[in-house]
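# Give the three-dimensional model of this entry:
(3 chains)
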Amino acid sequence: MALDDNKRQYLSRLEGKTYFILGDEACAYGALFAGLDFFAGYPITPASEIAELIASELPKAGGISIQMEDELASMAAIVGASWTGARTMTATSGPGFSLMQENIGYAIMTESPCVVVDVQRSGPSTGQATKPAQGDVLQARWGTHGDHNIIALAPNSVQECFDLVLECFDLADIYRTPVILLMDGEVGHIRESVVMPQVSSIEHASRKIAARSAEVFGGEELVPGMIHYGQGQNVHVTGSTHLANGMRDVTTPHVHDVLIKRIYDKIDKNREKIVRVETDLDDKKKARVGVISYGASARPARGAVRAARAKGKSVDFLRLVTIWPFARTQVADFAKDLDIILVPEMNLGQLSREVERFVSGEVVSVPRIGGIPHTVDEIYDAVMEVVR
Amino acid sequence: MYTGLLERHRRGSKLIEITENLCKGCEICIEFCPLKVFEKSDKLNRKGYYLPIVTDEDLCVGCRLCELLCPEFAIVITNE
Amino acid sequence: MSEPRHRLMGYVREEIMPHRFCSGCGCGTVLNAFTNAVEGIDLDPGRMVCVSGIGCSSWIPSPYFKSDTLHTTHGRPIAFATGVKMMRPDLTVVVIAGDGDVAGIGGNHLIHAARRNIDLSVFMVNNMIYGMTGGQVAPTTPAGVKTTTTPHRNVEPPFRVADLVVAAGAGYVARWTTYHAFPLMESMQNAMTRKGFSFIEIISQCPENYGRRIGLRRAIDFLKMFKEKAIRIEKTRDMSEEELKDRIIIGRLCDRDRPEFADEMHKLTAEQVAGLKASKEAAG
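Numbers count the residues shown, from 1 in each chain, chains lettered A, B, ... in the order given. I've put the predicted structure just below:
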């Protein structure tokens, strides 16, 4: 996807600069560098700063930003706009993310590329509206009904809010699927330095375009090409079970089987291409204890690992950049010689369950709720309790 | 606009054709033809619906109300 | 003799005709009027996007009308259509869906789209019932009617949806019935050619899942009732609410020029782009 002149004109003022900004703002700027065309959102703490910055800046880059009547409508609008060929995004937090689930399922079923940012806050329900949490990790995976797969990334710094949203847009276009940026109120609301890249250094992925409308929803490839609206191709997009040409067939078992397995497999079979983790292994390579974390929790977790090492303890560390699809081979490999794996996360232990499925060692959840992130000390204490 | 349409088709001979396999026997054409051109027949189509028949084509002024009201695209009026 | 081919067959996905609507269903007449309307103003279906929700009437565009089609989740077609229209204001974007979809679960999107006056044509087929799911009470079901979920009687008053949309600020609002197919067709043409939010409430018949509960077993019974109860809005000026209680007010409820949403947003974007360019040039 090539950026048009309006976008280039806008971005030329930003490229190469260093800004000291909020994670939410970094996310918005990242979307602009990704070539965002259309944004639809609804105000919610702690994600509103994303919509605010985009509302201010996107028109300068030639795009359209609108505020819809609710989050269901926001999600619907970005899917509709996606079929015109636009790069589209919405941003919300837990309550809005819950409302979006049905239309996220629609985007999965219709294979509509788009980016959904969830700046997680403490729930359920209104919870602690202004406080960070990581309680939507499993909702991101299983929130919409029916069998499906999802891609979700979790930034742990302001710079990564910028970098990962760029990656989200590419993954959405490459795999023709909604992609979720699982921020949290902590990374969304801290201020750090962000270095804006040179526009020429960014390679934007492109959507594959189908040759015929008969193959927009099937054919030989795991990811079929799209045909955007307005080409006179009579593209038929439906959330009901459909054939390769988009026409409904909601009764033939085989048709549903083929469609759903392909939509599932296009992410599952590309797992190794999609998944990114960051490992920090102890030099002495004799660790029996490891820590796995992600998002804002990974920051005190890494601090605790370093503190333990400073005390001569051998501890390995792995940070999940990609939350879904789950980094099962990377986690299994990381944990193969570990007896104990600690999983600090800002919930009562959601992703630790997923870790348990792929390791033989003992998994110890280090939960934290209440709206205040883990301290380094509390994770350090948890590590020191189990480390030899 | 629709009055214009009526005007356009007022003159000339008309051909009324019924696509039998599209008809679902709702009888809207029979009931609402202003000139009562149609009648219910005892002929069934493939789906088991009683088809309308044209009693007297000369009665038709080609207003096309039947064609437009028909939910099935089953009536075609041709104005020669 | 080979069977005659209807001249409008080119506008529908002919390979799946006859459609699946029940015998006498008003959706067929709406599809007929809609294709006639498109043909009558030479609208190129290749420059249209038809958006629908969930329910019988949503099948009018999806799958039957042959254009780009977006068959969405229940209640949300107007919200999806908003995204399409914002990015392709040059295309004619039409929403066809039912009363349950547009005025029930999706009522909020309806009033906000009307308030924005976004250039969508929304044709709401109002059969006064949830037909596809088997005849449950709708927000448009008249009081007193027994449905599967109001087995004793419906005690709620029905929504007067077209009036609601007038109040919300739409550019063009009309109400017709499936008996008034010619003016309906003409009204659809108005809706699709004028700019702004256009809304047509089409009172329609569901003989299978509504008619049989109210003693109107056949489509023709409904159409006779529509003919009898319909009254042109021009004739209602001096009539009391009591006199109009059981009448169906048909005709054009409003037709007014207001700023259109997609236009205004694109204007705003053009200003911002030009402003940035000017400031860059000034800075050398």
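# so which strand or helix has the residue in chain B that chain A sits nearest to?
Chain A sits closest to residue B:73 of chain B, with a gap of 18.1 Å, by CB to the nearest CB. Backbone N, C-alpha and C define where each C-beta goes, glycine included. Assessed by DSSP states H and E, residue B:73 sits outside every helix and strand.
# Tell me the pLDDT of it.
If you check residue B:73, the pLDDT there is 96.
# so what's it up against?
By CB atoms under 8 Å, 6 or more residues apart in numbering or on different chains, residue B:73 lies in contact with B:19, B:22, C:6, C:8, C:9, C:12, C:17, C:18, C:28, C:32.
# Quick check: phi and psi at it.
The phi and psi values for residue B:73, taken as degrees, to the nearest 10, are phi 60, psi 30.
# Please report how far it lies from residue C:64.
10 Å (CB to CB, to the nearest Å).
# what do you get for residue A:59?
38 Å.
# element containing the closest residue to residue C:227 other than its chain neighbours?
Of all residues not flanking residue C:227 in the chain, residue C:179 sits nearest, at 5.1 Å (CB to CB, 6 or more residues apart in numbering or on different chains). Per DSSP H and E, residue C:179 falls between elements, in no helix or strand.
# swap in the one 5 residues further on?
Here residue C:184, judged by DSSP H and E, is contained in helix C:181-193.
# can you tell me if that helix touches chain B.
Yes. Helix C:181-193 lies within reach of chain B by CB under 8 Å from any CB of the partner chain, at C:181, C:182, C:183, C:185, C:186, C:189.
# Which residue ranges of chain B form helices?
Ranges of helices in chain B, per DSSP state H, are B:2-8, B:28-32, B:65-69.
# Could you export the second one as CSV, CA atoms only?
Listed next in CSV are the C-alpha coordinates belonging to helix B:28-32 (Å, rounded to 0.1, in the frame of the first residue of the first chain):
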residue,chain,number,x,y,z
ILE,B,28,-52.7,-9.9,-6.1
CYS,B,29,-52.9,-9.4,-9.9
ILE,B,30,-56.4,-10.9,-9.9
GLU,B,31,-57.7,-8.7,-7.1
PHE,B,32,-56.1,-5.4,-8.0
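# Return the distance of the helix or strand in which residue A:385 is found from the chain's centre.
Secondary structure from DSSP H and E places residue A:385 in helix A:376-386. How far helix A:376-386 lies from its chain's middle: 29 Å, per CA atoms, centre = their mean, to the nearest Å.
# What are the buried residues along that helix?
Residues of helix A:376-386 classed as buried by neighbour count (16 or more other CB atoms under 10 Å in any protein chain shown): A:376, A:379, A:380, A:382, A:383.
# check contacts around the first one.
Counting by CB under 8 Å, 6+ apart, residue A:376 touches A:300, A:303, A:304, A:307.
# out of these, who's nearest residue A:46?
The nearest member of those to residue A:46, counting by CB to CB, is residue A:300 at 19.0 Å.
# Just the pLDDT at the closest one, thanks.
For residue A:300, the model assigns a pLDDT of 98.
# Run through the neighbouring helices and strands of the helix or strand it falls within.
Using DSSP H and E, residue A:300 sits in helix A:298-310. The contact analysis (3 or more CB pairs under 8 Å, 6 or more residues apart in numbering or on different chains; DSSP states H and E) places helix A:298-310 against strand A:289-294, strand A:315-320, strand A:340-345, helix A:376-386.
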